[in-house]
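**Q** Structure, please.
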Amino acid sequence: MTGATEPLFQALERGDLDLVLTPLDPKTPWAAQVALSPAIAARGEGERRMQYHAAMRNGENRWIMEVEAAARDVAEPGAAS
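**A** Just a heads-up that it's a prediction; the model follows:
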């Protein structure tokens, strides 16, 4: 499913989605609402730099651990910088 981040995150919170892959501003308020994987990729420079993360519903600890491990395996070098 593709779409704007806000509706996708709302669907994630409702349990309609298990995972959202999206670019995020490092200062997003959503960082406190969902569990984010380590950065998988990054695009842009300076203030326009966006990091791509897998976002998951909080409280799904086993799922979060699986996604975090997979994200580290596929992450571009320097994505989290």
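**Q** for the helix or strand hosting Met65, packing partners?
**A** Using DSSP states H and E, Met65 sits in helix 61-74. With contacts defined as 3 or more C-beta pairs under 8 Å, 6 or more residues apart in numbering; DSSP states H and E, the packing partners of helix 61-74 are strand 50-56. Any C-beta I mention is one placed from the backbone N, CA and C, and that applies to glycine too.
**Q** Give me the buried stretch members for the strand it packs on, please.
**A** For strand 50-56, the neighbour count (16 or more other C-beta atoms under 10 Å) marks Met50, Gln51, Tyr52, His53, Ala54, Ala55, Met56 as buried.
**Q** Next, the contact list for the closest residue to the fifth one other than its chain neighbours, please.
**A** Nearest residue to Ala54, sequence neighbours excluded (C-beta to C-beta, 6 or more residues apart in numbering): Ser37, at 4.0 Å. Contact analysis of Ser37 by C-beta atoms under 8 Å, 6 or more residues apart in numbering lists His53, Ala54, Ala55, Met56, Val67, Glu68, Ala70, Ala71.
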